[in-house]
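Q: My questions are about this predicted structure, shown below with the sequence.
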Amino acid sequence: MPLITSQSLFEKAYEKDYAIGAFNVNNMEIIQGIVDAAKEERSPLILQVSAGARKYANPIYLKKLVEAAVEDSGLPIVLHLDHGESFEICKQCVDDGFTSVMIDASHHTFEENIAITKKVVEYAHAHGVVVEAELGRLAGVEDAVNVSAADATYTDPDQAQEFVEKTGVDALAVAIGTSHGAYKFKGEPNLDFARLKAIAAKIPGTPMVLHGASTVLPEFVKICNQYGGQIPGAQGVPETMIREAARHGVCKVNIDTDLRLAMTAAIRKEFAEDPTNFDPRKYLGPGRDAIREMVKHKIRNVLGSSGLV
Ligand SMILES: O=C(CO)COP(=O)(O)O
Ligand SMILES: O=C[C@H](O)COP(=O)(O)O
Ligand SMILES: [Zn+2]
Ligand SMILES: [Zn+2]
């Protein structure tokens, strides 16, 4: 099976109120851990590559690794550009064989965001590639941008309607209180579900995307900190909230931080327990296993996409 677009995946997910996990990939072990989990769970998958991942791994390597994963697993897999910041990077990824791109022009004005997104949609659709765009701004750290809480803005439902109509975008990333990274809430976690429902009502049939959707499971933070890490006060989006979002039109759930924490916890533990270990296979291996277990948990218990393939 070749790489696929997310179109048919989202249609079913939208209708049946589950979501597809979009997991960030940066190297072979991360890809293998995620794909092994999806294989065991018989789930479709979105593997996404950020600008930082492209810089780190070189897109040629990542593309070949993802192709190997497709060949090895036989799963329906979408290769997606995460947070493309310009038309040029989106075009490059379309030309490189990605099946889905995100244009994140959310830091521009509303009108500019529409114009840039529309241009990407025209190019991508002409090449059979689907497009995600972002309206509103999430707080937190992305590779190129660090948005402070004060600069974050929630998505406006009326603007969402106008944006989707004018751009023809396939999926819309919305800002309802999530943020990137491991420090999402200072007090009680809280998402604006009334806003999510209002947006969904304005753009019926358009799948929405939840960025910054890691749960930051306390047991993994604890292991990191127990073995020399310093990640105090980390907090993510409770799993019940992710499930609730999937019931209101969110079809794609972006997860990176939870993979980072799982892998780091396993490697820190391995190093602490066996200081003689200097064989990368013997610490990256446990890291890969930890990613597999994390993704299995997400697919089965949070996203609800098991058994579809
Ligand atoms: O949104 C993300 C990637 O686009 C990742 O979000 P997390 O930092 O919550 O994992
Ligand atoms: O959007 C944020 C993702 O977690 C990707 O992170 P990155 O830009 O550091 O690769
Ligand atoms: Zn953004
Ligand atoms: Zn994101």
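A: Done, it's in. These numbers were taken from a predicted model, which means no experiment stands behind them. Ligands and ions are numbered 1, 2, ... in the order given.

Q: for this structure, what helix or strand is lowest in average pLDDT?
A: Least confident helix or strand of the chain, by mean pLDDT, DSSP states H and E, is strand 146-147 with a mean of 60.

Q: then the helix or strand following that one to CSV, C-alphas only?
A: Using DSSP states H and E, the next helix or strand after strand 146-147 towards the C-terminus is helix 157-167. Provided in CSV are the C-alpha atoms of helix 157-167 (Å, rounded to 0.1, in the frame of the first residue of the first chain):
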residue,chain,number,x,y,z
PRO,A,157,-16.2,30.6,15.1
ASP,A,158,-17.4,33.2,12.5
GLN,A,159,-13.8,33.6,11.2
ALA,A,160,-13.5,29.9,11.0
GLN,A,161,-16.5,29.7,8.7
GLU,A,162,-15.2,32.5,6.5
PHE,A,163,-11.7,31.0,6.5
VAL,A,164,-12.9,27.5,5.4
GLU,A,165,-15.2,29.0,2.7
LYS,A,166,-12.5,31.2,1.3
THR,A,167,-9.5,28.8,1.4
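
Q: residues making contact with helix 157-167?
A: Residues from elsewhere that reach helix 157-167, judged by CB atoms under 8 Å, 6 or more residues apart in numbering: 110, 113-114, 117-118, 121, 133, 135, 169, 172, 174, 195, 198-199, 201-203, 206. The C-beta positions use only the backbone N, C-alpha and C, and glycine is treated the same way.

Q: Out of those residues, which end up buried?
A: For those, a burial check counting by 16 or more other CB atoms under 10 Å picks out 113-114, 117-118, 121, 133, 135, 169, 172, 174, 195, 198-199, 202-203, 206.

Q: surely R195 meets G136?
A: No - between R195 and G136 there is no contact under CB atoms under 8 Å: 9.3 Å.

Q: Would you quantify the distance from the residue in the stretch 201-309 of the chain that ligand 3 sits nearest to to ligand 2?
A: Closest contact between the stretch 201-309 of the chain and ligand 3, by CB to the ion, is at H211 (6.9 Å). In this view, H211 and ligand 2 are 7 Å apart by CB to the nearest ligand atom, to the nearest Å.

Q: what do you get for I242?
A: 16 Å.

Q: Then A124?
A: A124 is 20 Å from ligand 2, by CB to the nearest ligand atom.

Q: Sticking with that residue, tell me its helix or strand.
A: Applying DSSP H and E, one finds A124 within helix 110-126.

Q: what helices or strands is that helix leaning on?
A: Packing partners of helix 110-126 (3 or more CB pairs under 8 Å, 6 or more residues apart in numbering; DSSP states H and E): helix 87-96, strand 100-103, strand 130-135, helix 157-167.

Q: And the ones you listed: which comes nearest ligand 1?
A: strand 100-103 (7.9 Å; CB to the nearest ligand atom).

Q: Packing partners of the closest one?
A: strand 77-84, helix 87-96, helix 110-126, strand 130-135.

Q: can I get these in JSON lines with distance to ligand 4?
A: Listed next are these as JSON lines, based on distance: least, CB to the ion, whole Å:
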{"stretch": "strand 77-84", "distance to ligand 4": "6"}
{"stretch": "helix 87-96", "distance to ligand 4": "15"}
{"stretch": "helix 110-126", "distance to ligand 4": "16"}
{"stretch": "strand 130-135", "distance to ligand 4": "8"}
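
Q: ok now do the residue of the stretch 1-150 of the chain found nearest ligand 1, which residues does it touch?
A: Nearest residue of the stretch 1-150 of the chain to ligand 1 (CB to the nearest ligand atom) works out as D82 at 4.6 Å. By CB under 8 Å, 6+ apart, D82 lies in contact with A22, N24, Q48, V49, S50, A51, A53, M102, N254.

Q: In three-state terms, label the nearest residue to E112 once chain neighbours are set aside for me.
A: Spatial nearest neighbour of E112, excluding adjacent residues (CB to CB, 6 or more residues apart in numbering): A105 at 6.5 Å. At A105 the chain is in coil, as set by DSSP: H, G, I helix; E, B strand; the rest coil.
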